[in-house]
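> What would the 3D arrangement of this be:
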Amino acid sequence: MHEMSIALAVIGQVEEAAERAGDITAVHEVRLQVGELAGVVPDALSFCFELACAGTVLEGAELVTDLVPGRARCAPCAHEWAVGMPPLLSCPRCDAGTTDLLSGRELQIVGVRWEDGRPPEPTTREPIPEER
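Okay, here's the model as predicted:
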């Protein structure tokens with residue numbers, strides 16, 4: 001199951017970012033883009049992520065996966081289509097086998113929501129007209 005090695009890599013990258021940011025006390029959410037063709041099972045990745053977060057600043061963090069559909073474009077006729085699973089990599093319009101994958105192989109961290117130990121900055125607001 002390579003999902004565990006992916007989970008460990010994600011956790012490592014988030015821990016490094018938290019260390020650089022300084023004073024991070026907890027990570028609440030990690031958002032990943034996972035391509036349909038990346039060979040990752042999102043449920044297995046979530047399970048591994050939860051196990052691997054134990055004892056880290058990410059303990060209890062939610063892993064949110066945004067699935068990116070696979071898309072391809074035919075080089076000869078420029079037709080674009082969703083490749084699906086199993087992937088259809090020959091053009092459904094002209095049957096050419098020369099295609100470019102446009103999306104579907106993504107596996108990247110796109111967002112992290114965390115908490116730091118600093119007190120919240122005071123906010124200022126405009127007075128409500130009745131207060132004037």
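
> and the longest helix for the chain?
Secondary structure assigned by DSSP state H gives helix 3-21 as the longest helix of the chain.

> Check which helices and strands that helix sits against.
Contact here means 3 or more CB pairs under 8 Å, 6 or more residues apart in numbering; DSSP states H and E; on that basis helix 3-21 packs against strand 24-35, helix 42-52, strand 107-116. Where you see a C-beta, it was placed from the backbone N, CA and C, and this is true even at glycine.

> among those, which is nearest I6?
Proximity to I6 (CB to CB) singles out helix 42-52 among these, at 6.1 Å.

> What pairs with whichever helix or strand comes after the closest one, parallel or antiparallel?
Where DSSP states H and E defines the elements, the next helix or strand beyond helix 42-52 is strand 62-68. Using DSSP bridges, the strands paired with strand 62-68 are strand 24-35 (parallel).

> Only alpha carbons, please: show the strand it pairs with as CSV.
Extracted C-alpha coordinates of strand 24-35, given in CSV (Å, rounded to 0.1, in the frame of the first residue of the first chain):
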residue,chain,number,x,y,z
ILE,A,24,1.9,26.4,15.1
THR,A,25,0.0,24.5,17.8
ALA,A,26,-2.3,22.4,15.7
VAL,A,27,-3.1,21.5,12.1
HIS,A,28,-6.9,21.2,11.6
GLU,A,29,-7.1,20.4,7.9
VAL,A,30,-5.0,19.4,4.9
ARG,A,31,-6.5,19.7,1.4
LEU,A,32,-5.0,17.6,-1.4
GLN,A,33,-5.7,17.5,-5.1
VAL,A,34,-5.7,13.8,-6.2
GLY,A,35,-5.9,13.0,-9.9
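
> Cheers, nothing more for now.
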